[in-house]
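>>> just coords:
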């Protein structure tokens with residue numbers, strides 16, 4: 001959703017007019033932010049489709065919004081394509097089952113389609129992981145994804161991805177993709193969102209305990225077992241600090257907000273248990289409930305410092321890092337050094353990146369020194385390299401999308 005939202009103000013600049021088809025908000029369990037509509041140009045036509053009630057579909061184990069809305073998408077867009085002329089269908093979503101409709105509409109209406117791969121669809125990442133660390137309903141989703149991905153990929157006309165690794169994986173599975181237009185386009189930075197929050201600071205307030213007598217690190221985003229290595233590295237280093245320099249490290253607190261996608265009140269904590277195991281749970285606060293988008297930004301710009309707990313997966317993408325950079329707060333980030341997120345933070349001088357594959361002692365010393373500086377009040381806001389950052393703006397990313405659209409409709413090969 002964010003990719004499209006941030007692109008809508010710019011499509012016309014590059015020769016494209018967009019109409020959006022989305023599920024009506026009433027059918028989604030996700031936290032909603034009514035202010036988001038303010039960033040969408042008023043002349044954009046938005047179509048809303050229905051979805052089967054989760055109250056009934058969950059009884060047979062089908063709570064997925066994609067599966068609940070698939071038939072409604074097909075029915076609504078069929079009528080749309082019968083009455084209007086469109087040059088291209090663009091899928092930008094992680095509700096992957098919807099993507100199989102691209103092949104159907106291409107056959108029925110002869111309209112090419114492009115898929116934006118924001119995450120891996122059929123992924124083998126968790127195959128060698130313990131069952132306890134796999135996502136809910138993994139057995140079903142793994143097999144469903146394995147069956148549906150080929151349906152969409154065998155007919156797709158163009159691919160956009162946030163990671164070259166995603167494209168490489170798809171090409172290895174479906175060799176025909178080597179000959180269609182493809183482009184790595186990360187998510188864009190949308191400064192207008194920060195301007196909106198700063199204009200309306202009085203409308204926001206902190207709804208979780210942050211004591212100003214402490215130095216507070218804040219992370220806003222999902223948790224998960226794939227982050228345990230980074231968390232263990234951070235927390236064990238902090239524990240060492242409490243033992244060797246308690247007066248300094250006792251001033252630090254860690255806050256993790258919105259760590260679960262589960263409905264409100266039903267999220268399972270994945271971060272506090274690690275802190276408890278290490279013996280620092282008095283210093284770590286986790287709120288599993290998601291919060292509205294602009295409240296996320298408010299928490300970022302009001303934090304003493306920010307942390308991004310990433311993954312040791314080199315395919316880990318940059319979707320979450322732009323708000324952290326635009327917040328212009330001290331930033332400590334944990335990533336595989338080859339991930340796009342690590343490279344962007346480094347290029348822009350936005351913060352300290354801790355490599356999750358370098359020798360542990362080396363990483364620990366960097367974290368230790370950073371925490372000492374934090375608690376001593378020596379951290380300063382980053383001196384961002386805005387020239388390097390320009391290429392990551394939402395407008396530039398939209399421009400790159402439109403270039404690929406043009407390649408598709410002009411039948412240009414990759």
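Now that the structure is in, tell me what you want to look at. Everything numeric in this text was worked out from a predicted model, so none of it was measured.
>>> low-confidence ranges in the chain?
The chain contains residues with pLDDT under 70 at 29-33, 55-63, 125, 206-210, 317-319, 414.
>>> can you map out the strands along it?
Per DSSP state E, the chain carries strands over the ranges 19-23, 45-49, 89-92, 113-117, 158-161, 182-184, 215-220, 252-257, 284-287, 305-309, 331-335, 352-355.
>>> is it possible to export those to CSV including mean neighbour count?
Where C-beta positions appear, they are placed from N, C-alpha and C, glycine not excepted. What follows is the strands of the chain, written out as CSV (neighbours: other CB atoms under 10 Å):
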stretch, mean neighbour count
strand 19-23, 15
strand 45-49, 14
strand 89-92, 20
strand 113-117, 23
strand 158-161, 24
strand 182-184, 19
strand 215-220, 24
strand 252-257, 22
strand 284-287, 21
strand 305-309, 24
strand 331-335, 25
strand 352-355, 21
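>>> What sits closest to residue 76 if chain neighbours are left out?
For residue 76, ignoring the flanking residues on the chain, the nearest one in space by CB to CB, 6 or more residues apart in numbering is residue 49 at 4.6 Å.
>>> residues in contact with the one you found?
The contact partners of residue 49, taken as CB atoms under 8 Å, 6 or more residues apart in numbering, are 21-24, 69, 72-73, 76-77.
>>> out of these, what pair is the most spread apart?
Maximum pairwise distance among the contacts of residue 49 (CB to CB): 14.4 Å, between 24 and 77.
>>> can you list the residues that contact stretch 345-359?
229-230, 233, 306, 310-312, 321, 324-325, 330-337, 342, 344, 363, 366-367, 370, 382-385, 388-389, 392.
>>> Off-centre distance for it?
19 Å (CA atoms, centre = their mean, to the nearest Å).
>>> Who does the residue nearest to residue 76 form a beta bridge with?
residue 23 (DSSP bridges).
>>> could you measure it against residue 316, distance?
32 Å (CB to CB, to the nearest Å).
>>> Next, count neighbours for the residue lying closest to residue 258 once chain neighbours are set aside.
Spatially, and ignoring its direct neighbours in sequence, residue 258 is nearest to residue 290 (4.2 Å; CB to CB, 6+ apart). For residue 290, the neighbour count with other CB atoms under 10 Å is 24.
>>> With residue 264 as the reference, measure out to residue 290.
With distances taken as CB to CB, residue 290 is found 8 Å from residue 264.
>>> Output the contacts of residue 49 in CSV; the columns should cover distance to residue 127.
What follows is those, written out as CSV (distance: CB to CB, whole Å):
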residue, distance to residue 127
21, 34
22, 32
23, 30
24, 36
69, 28
72, 33
73, 30
76, 36
77, 34
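>>> residue boundaries of the helices in the stretch 1-150 of the chain?
2-7, 54-57, 65-83, 101-109, 138-153 (DSSP state H, counting those that start in this stretch).
>>> next one: the stretch 251-400 of the chain
272-278, 293-302, 321-326, 340-348, 360-375, 386-389, 394-409.
>>> Turn those into a markdown table, including mean neighbour count.
What follows is the helices of the stretch 251-400 of the chain, written out as a markdown table (neighbours: other CB under 10 Å):
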| stretch | mean neighbour count |
| --- | --- |
| helix 272-278 | 17 |
| helix 293-302 | 21 |
| helix 321-326 | 24 |
| helix 340-348 | 20 |
| helix 360-375 | 16 |
| helix 386-389 | 12 |
| helix 394-409 | 19 |
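>>> Looking at those helices, which is nearest to residue 115?
That would be helix 394-409 among these, by CB to CB, at 11.1 Å.
>>> Residue 136: which of the strands of the chain is closest?
Among those, if distance is taken as CB to CB, the winner is strand 284-287, at 18.5 Å.
>>> Relative to the closest one, what are the paired strands and their orientations?
strand 252-257 (parallel).
>>> who's residue 355 bridged to?
residue 335.
>>> Tell me the spacing between it and residue 310.
On the measure of CB to CB, residue 355 and residue 310 end up 10 Å apart.
>>> Ok, residue 289 next?
Going from residue 289 to residue 310 by CB to CB gives 22 Å.
>>> who's more crowded, those two?
residue 310 (26 against 17).
>>> Just give the nearest non-adjacent residue to that one, would you?
residue 335 (4.0 Å).
>>> With residue 399 instead?
Distances taken as CB to CB, 6+ apart place residue 14 nearest to residue 399, at 5.4 Å, with adjacent residues excluded.
>>> neighbours around the one you found, how many?
By other CB under 10 Å, 16 other residues sit near residue 14.
>>> gap between it and residue 405?
Computed as CB to CB, the residue 14 to residue 405 distance reads 9 Å.
>>> Same check on residue 121?
In terms of CB to CB, residue 121 sits 21 Å off from residue 405.
>>> Residue 212 is nearest to which of the helices of the stretch 1-150 of the chain?
Closest of the helices of the stretch 1-150 of the chain to residue 212 is helix 2-7, at 31.3 Å (criterion: CB to CB).
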